[in-house]
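# Sequence and computational prediction follow.
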Amino acid sequence: MRIAVVEGADGSGLLQAIAEDGTPAGPVERAADLAAAVGRREAAGRPRWVWAATGELYPRLLAAGVRVDRCHDLALTEGILLAADGRWGEPRSFPAAWARLEGRPVPDGTAPAPRPGQPALFDHDLPGLPDGPELLAATVAVHAGQQRRLAAGAGGVRGTAGVVPRGAGPGGLGLLVAAESAGALAAAEMAAAGLPWRPEVHDAVLTELLGPRPRPGAAPGRLRDLTERIGAAFGQPLNPDSPAQVLRAFAAAGTPLPSTRSQVLRGVDHPAVPLLLAYKELSRLHAAYGWSWLDTWVAGGRFRPEYVPGGVVSGRWATRGGGALQIPHALRRAVVADPGWTLVVADASQLEPRVLAALSGDVGLARAAAGGDLYAALAADAFGGDRARAKTALLAAMYGGDVGQLMTVLRRRFPAAVDYVEAAARTGEDGGLVRSILGRTSPPPSQGWLTAVDRAGGPDPDAAEGARARRAARDRGRFTRNFVVQASAADWALVLLAAVRRHLTGPNGPHLVFFQHDEVVVHCPREEADRVVAALSDAAEESRRLVFGDTAVRFPLAVAVVDCYADAK
DNA sequence: AAACGAGGCGCC
DNA sequence: AAAGGGCGCCTCGTTT
């Protein structure tokens, strides 16, 4: 059973039961207290809730103490379906989907960014969005349209992947839509729960590395000290944050440099280099995750980032503010379980090469991926035991890049795997679309890309135009080469997240507090850790089966039960 | 004063 | 020894 729901003013709302295919299956129900009504129906039958955008409605349900098991997020689904049809740039919001369905002008998709805590559906600056029953009818209609497109196989996405990456494997778009929606539920729940964060530990780490907290706007002592010593090393004061000034100083010292990247500096013999390297590391920590970050993002012992499910073209999540997906290792000291609780940290080992093995069906690579250390097995199999060379070769296959002889070895021993990524790269170079295993589809080439390629193919292209077109094609080839692997890994991780979530019990028991590409963190009462570890393993196996079906490849999770996040691996 | 691109670096 | 995809966010320095 599914129930469509729209939110009204003052916590009210409308609900209507609908069938799987979207046809209404009951009367419209008015609820003065929408959260209470949702809670009742959830307890009665765990329906799949159909609504415009999880991120707008669900936080208010959670605040009222209502959790739901399943949903169908119309905006996220619209994005997946449009992309599958190669219609990447079109607005995917619910109002846009509705307008398209009715053949009306589609509201501009660049706005409106979701505003947390605001019921955007009742913002009357959005054109064509009435209150009440008509909105509910639109919700029902948009959902029905999406179910039709899914059943018909949007973008021709059905069947299994062949050598050419074209999706959609085992669970297909239906699974992807369900997992994307479940991910949105998880994102809202994690934002509500927050990641346990000890401000006093964070402060101690900063103080140890940077010196005592400076007054606002001032640089910490350690940075001031380094700035002064860097100036002394060059014989003139300079701002280490200014690449231009640093380049000029090196040039004046007789060492012209192409850039001030750490990588470049490391190869330079000059007394300022170690100081600059230390400065870069510490100033970044201070600027991005220093005391003002702490003041802004941590409250009541919790870090509450705003996750953006599906925020990356590959299906990875993004975040809005707080940089939750780039927390420096040094600060993971501050992530500490509550008293009597513990953290269960699980990350997928060597996820992307395993995904390539499963995607391509390469027998040799699948054998290497059947056990623990994939790179070691690969090395033993084809690289004379040299693990580093095996890893370099495989990374180059997945990301592009020129590693000469190594690729020859890889191609000879693992032809299906190399064919798979090279086919994806060729498709990208030709301007085509590629898809993840479940059918998440890459964006088409940009207008600029098409123009560059057209020019070079037109009448007497000059050398610069030709070079530009070749570069554009190569760049896009690297992108699509990586897309098939990264997006399929994101498929697996999303289905894992959804499966983990289903095994957990909510804020008073074990619950998810963090998700980062290929890693999940569960906060749980100490005595339940064993059960959570088992649930995580089950979830990984379930995801393998749903996403990749019958494959010899294993997706082992490295699981650690720790009080402090920094102690996991 | 605000907006923007570039350079740079953190995470996966 | 070897090489690179995706992000967010900082500062600088220029443009608007």
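It's in.
# pLDDT weak spots in chain A?
Applying pLDDT under 70 to chain A picks out residues A:108-131, A:154-168, A:461.
# Around DNA strand B, pick out the residues from the stretch 451-569 of chain A.
Taking Cβ under 7 Å from any atom of the strand as the measure of proximity, the stretch 451-569 of chain A contacts DNA strand B at A:Gln516, A:His517, A:Asp518, A:Glu519. Any C-beta I mention is one placed from the backbone N, CA and C, and that applies to glycine too.
# same question, chain A
On the criterion Cβ under 7 Å from any atom of the strand, DNA strand B has as its neighbours in chain A the residues A:243, A:259-263, A:265, A:280-281, A:284, A:325-329, A:347, A:516-519.
# how about 6 Å then?
Counting by Cβ under 6 Å from any atom of the strand, chain A comes close to DNA strand B at A:243, A:259-262, A:280-281, A:284, A:325-326, A:328-329, A:516-519.
# Now list the buried members of the residues you listed.
Under a neighbour-count criterion of 16 or more other Cβ atoms under 10 Å, the subset of those counted as buried comprises A:Thr260, A:Lys280, A:Leu325, A:Gln516, A:His517, A:Asp518, A:Glu519.
# Which helix or which strand is home to the second one?
Okay, so that is A:Lys280. Following DSSP states H and E, one finds A:Lys280 within helix A:272-289.
# ok, and for that helix, which residues are buried?
For helix A:272-289, the buried set under the neighbour-count rule, 16+ other Cβ under 10 Å, comprises A:Ala272, A:Val273, A:Leu275, A:Leu276, A:Ala278, A:Tyr279, A:Lys280, A:Leu282, A:Ser283, A:Leu285, A:His286, A:Tyr289.
# coming back round to it: among the buried ones among the residues of chain A next to DNA strand B, which lie within helices?
Among these, the residues falling in helices (DSSP state H) are A:Lys280.
# which one of the buried ones among the residues of chain A next to DNA strand B sits closest to A:Trp492?
Proximity to A:Trp492 was ranked across those by Cβ to Cβ; first place goes to A:Asp518, at 8.4 Å.
# For burial, what's the neighbour tally of A:Pro27?
Other residues near A:Pro27 number 9, with proximity taken as other Cβ atoms under 10 Å.
# tell me which element the residue in chain A that DNA strand C sits nearest to is part of?
For chain A, the nearest residue to DNA strand C under the criterion Cβ to the nearest atom of the strand is A:Gly401, separated by 2.6 Å. Element membership for A:Gly401 (DSSP H and E) is empty, with no helix or strand holding it.
# And it, how close does it get to A:Ala489?
In this structure, A:Gly401 and A:Ala489 are 19 Å apart, going by Cβ to Cβ, to the nearest Å.
# ok, those two, which is more surrounded?
A side-by-side neighbour count of A:Gly401 and A:Ala489, using other Cβ under 10 Å, places A:Ala489 first with 28 against 12.
# my guess is that one meets A:Val355, correct?
Yes: shown here, A:Ala489 and A:Val355 form a contact pair, counting by Cβ atoms under 8 Å, at 4.6 Å.
# Identify each buried residue in the helix or strand where A:Trp293 lies, please.
Element membership of A:Trp293, judged by DSSP H and E, is helix A:291-297. Buried residues in helix A:291-297, counting neighbours by 16+ other Cβ under 10 Å, are found at A:Trp291, A:Trp293, A:Leu294, A:Trp297.
# A:Pro237 touches A:Gln245, doesn't it?
No: A:Pro237 is not in contact with A:Gln245 according to Cβ under 8 Å; the separation is 9.5 Å.
# Show me chain A divided up by domain.
In the assignment given by automatic domain parsing, the structural domains of chain A cover A:2-120+A:130-154, A:199-300, A:355-483.
# out of the ones you listed, which comes closest to A:Gly315?
domain A:355-483 (4.9 Å).
# Now do the end-to-end distance for the closest one.
Between the opening and closing residues of domain A:355-483 there is a gap of 12 Å (Cα to Cα, to the nearest Å).
# Contacts for stretch A:476-491, please.
Taking Cβ atoms under 8 Å, 6 or more residues apart in numbering as the criterion, the residues outside stretch A:476-491 that touch it are A:165, A:176, A:179, A:312-316, A:351-352, A:355-356, A:359, A:398-401, A:420-422, A:424-429, A:431-432, A:434-438, A:440, A:442, A:445, A:449, A:517-518, A:547.
# Buried subset of the residues you listed, written for ChimeraX?
In ChimeraX, this line selects whichever of the contacts of stretch A:476-491 come out buried by 16+ other Cβ under 10 Å:
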select /A:165,176,179,313,314,315,316,351,352,355,356,359,398,400,420,421,422,424,425,426,427,428,429,432,434,435,436,437,438,440,442,445,449,517,518,547
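# mind listing which of the contacts of stretch A:476-491 are in strands?
Judged by DSSP state E, those include no members of strands.
# Can I get stretch A:459-469 as CSV, trimmed to CA atoms?
Output for stretch A:459-469, consisting of C-alpha atoms alone and laid out as CSV, is shown next (Å, rounded to 0.1, in the frame of the first residue of the first chain):
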residue,chain,number,x,y,z
PRO,A,459,35.6,23.1,-42.3
ASP,A,460,39.3,23.8,-41.9
PRO,A,461,39.7,23.6,-38.2
ASP,A,462,42.9,25.2,-37.0
ALA,A,463,45.4,23.4,-34.8
ALA,A,464,44.2,25.0,-31.6
GLU,A,465,40.6,24.0,-32.2
GLY,A,466,41.7,20.5,-33.0
ALA,A,467,43.7,20.3,-29.8
ARG,A,468,40.9,21.7,-27.8
ALA,A,469,38.4,19.2,-29.2
